[in-house]
Structures are given as structure tokens and as C-alpha cells.
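A.B. asks: Based on what follows, work out the 3D shape:
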Amino acid sequence: MKHTLSVLVEDEAGVLSRIAGLFARRGFNIDSLAVGPAEKPGISRITMIVPGDNRTIEQLTKQLYKLVSILKVQDITNIPCVERELVLIKIQASPQNRSFILEISSVFRAKVVDMAYEYLILEVTGDPGKMVAIEQLLKQYGIVEIARTGKISLIRASNVDTEFLRNTLSAQKISS
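C.D. replies: Model prediction:
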């Protein structure tokens, strides 16, 4: 199972390197990593997607707390969150298929951020599932390059679990 860890750290040189070293020594992989300033000056938020079972993640959390400059570690995998990712996709867009690509981008609310005679670059923002869906649809036209930011996430203040609601509503539609 993949876990989402939200880590608050002091914003100083070497913190990310120490975290990466800890993961490497323990033989863990980081599937996604996003780092940026947090709400308070001098503090950064690191969002990591890490594969492992609950016990492994618990051990990893304990090890993270032993590092200098780690302020807070939270496994937010099963907590209602807002999750987003940004993807830039460069795609072959010949005059014959450009309108199809633009139609797909419109459905996914993607922005065209660059246009050339044979190529388009799309900017897509949303939850990770949306990224997978648009990528699958655009593959047939010839994806040239992709750049992804990695997932960022914040716990919902409302505590509303939209994934749970989406699954419940889908189940109700199927049964009716």
C-alpha cells in the first residue's frame, strides 16, 4: 500500500539530504516527493508517497523523528485530504488531431500553455486519478514528454471524505 506522509521540517540546508539518506539506508523508495515553504517562515512542508505496510510506515516515522530539524510527521493516507498534482504534457498535435486533443483538454480543464505547428504543451492540475486518466487518453496521439510535480496534500478542515462520498454515490446509482 502507498502511504502519504506530510512532514514539517526546519528550512535549512541538508534536511532533505538527511531524509533521503535515511530512506536509502533502510532500503525504502519514495514514489513522489514535493517540497515547499509552509505557512510559517523558516518551515517547509514535505509531502512524500511511500510504499509499505502500516508497521513499516510506523517504524519509518519513528526514524524520521530522530533526525534533527524534523518538527512533525503525519501519515495522512486515511485522513480526508485535498490532494493535487501538476503535470505538463508535451504532445504531438498534427492539424488532423489537434481538435480531438483540445476537446480532451477541455473536458479535463487542462490549459494549453504552448502551441507550435506539430506540438502542444498542456498544463493539468488535479487529483492523481485525473492525471492518469488524461495521460491514458492522450497516449494515442503521441506523448513526447511529461513533467510531474508530485502530489501535495492538506488535511481537510471540514473532515469531509470526498473519496468516500464519491464511492457511496456511485454505489447508490448502480443499485437504483
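
A.B. asks: show me where pLDDT drops low in this structure?
C.D. replies: Residues of the chain meeting the criterion pLDDT under 70: 162-176.

A.B. asks: Try it again at 80.
C.D. replies: Applying pLDDT under 80 to the chain flags the ranges 159-176.

A.B. asks: In it, mark out all the strands, start to finish.
C.D. replies: For the chain, applying DSSP state E gives strands covering 2-10, 32-37, 43-51, 70-75, 81-92, 111-115, 119-126, 143-148, 152-155.

A.B. asks: would TSV of those strands with mean neighbour count and distance to S17 be doable?
C.D. replies: Quick note: C-beta positions are derived from backbone N, CA and C, even for glycine. Listed next are the strands of the chain as TSV, based on neighbours: other CB atoms under 10 Å; distance: least, CB to CB, whole Å:
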stretch	mean neighbour count	distance to S17
strand 2-10	19	12
strand 32-37	15	12
strand 43-51	19	12
strand 70-75	16	13
strand 81-92	18	24
strand 111-115	11	32
strand 119-126	18	29
strand 143-148	13	22
strand 152-155	18	21
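
A.B. asks: For D161, find the nearest of those strands.
C.D. replies: strand 81-92 (8.8 Å; CB to CB).

A.B. asks: tell me which strands and helices the closest one is in contact with?
C.D. replies: Applying 3 or more CB pairs under 8 Å, 6 or more residues apart in numbering; DSSP states H and E, we find strand 81-92 packed against strand 119-126, helix 128-138, strand 143-148, strand 152-155.

A.B. asks: For the ones you listed, give me a markdown table that also has distance to E12.
C.D. replies: As requested, these are exported to a markdown table (distance: least, CB to CB, whole Å):
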| stretch | distance to E12 |
| --- | --- |
| strand 119-126 | 30 |
| helix 128-138 | 30 |
| strand 143-148 | 27 |
| strand 152-155 | 21 |
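
A.B. asks: Cheers, nothing more for now.
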